[in-house]
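S.K.: With the input below, show me the fold.
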Amino acid sequence: MNPITDFIESGILELYVMDLTTPDETQEVEQMAAAHPEIREEIETIRQSIEAYALAHAAEPSPTVKPLVLAIIDYMERMKNGEPVSSPPNLSPASKVEDYAAWLNRPDLQTPAQLEDIYVKIIGYTPSATTAIAWLTDVAPEEVHHDELERFLIVEGTCDITVDGEVNHLKPGDFFGIPLHKKHQVKVTSQVPCKVILQRLAA
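M.R.: Below is the predicted model of the structure:
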């Protein structure tokens, strides 16, 4: 029996590379690696294998993830700096752009000078509803919602919202609700960014 081979085949090195060892196991691995070059080489081989596997199976995140994460961070910072919690009204077919004037006219909730594909400013949050002002310059990728209702009120610009192949042409003042479990995509059709009130409600 070879204690080095037994140690390598025990599986502890894989756990070590994935940071799943106990403090005592970590110390043991590091002591063995310091004393035996073949242990160090095996650790490096495992690291490279895990990295290669991760790269081979990596999934491209949706382009909406980054702007939404940045919007959440921005909203939390605003709350931390003393912005009072507000409750924008729920979107419905009776909604008007003027209903959201208190937020649309705020100087800190305007589009930046350098506008990316999607830009979002959250204006209200509860466990059951998130309301935001969103700007879209081109296309929002196709998606499906199974546990939340997505609603739009067009403020500026125009867009087409395609739901299961059916195209809906929207202009300022128009309301549109996305049904659950339906593939949908938004495409800007105006020369200016499409600015919307966006609301997601727990279904």
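S.K.: C-terminal to the lowest-mean-pLDDT helix or strand in the chain, what's the next element?
M.R.: Every helix and strand in the chain was compared by mean pLDDT, DSSP states H and E; the lowest is strand 139-143, with a mean of 87. Next helix or strand after strand 139-143 toward the C-terminus (DSSP states H and E): strand 148-156.
S.K.: ok and that following strand relative to strand 139-143, angle-wise?
M.R.: Strand 148-156 runs at 160 degrees relative to strand 139-143, counting by axes from the mean of the first three to the mean of the last three C-alpha atoms, to 10 degrees.
S.K.: model confidence over strand 148-156, on average?
M.R.: Averaged across strand 148-156, the pLDDT comes to 96.
S.K.: Just give me how far it sits from the chain centre.
M.R.: Strand 148-156 has its C-alpha centroid displaced from the chain centroid by 18 Å (C-alpha atoms, centre = their mean, to the nearest Å).
S.K.: Please apply the same query to stretch 115-129.
M.R.: 11 Å.
S.K.: Please apply the same query to stretch 54-65.
M.R.: Here stretch 54-65 is found 11 Å from its chain centre; the criterion is C-alpha atoms, centre = their mean.
S.K.: contacting residues around that stretch?
M.R.: Asp117, Ile118, Ala140, Pro141, Glu143 (C-beta atoms under 8 Å, 6 or more residues apart in numbering). Placement of C-beta: from N, CA and C, glycine included.
S.K.: Can you tell me which helices and strands the least confident helix or strand of the chain packs against?
M.R.: strand 184-188 (3 or more C-beta pairs under 8 Å, 6 or more residues apart in numbering; DSSP states H and E).
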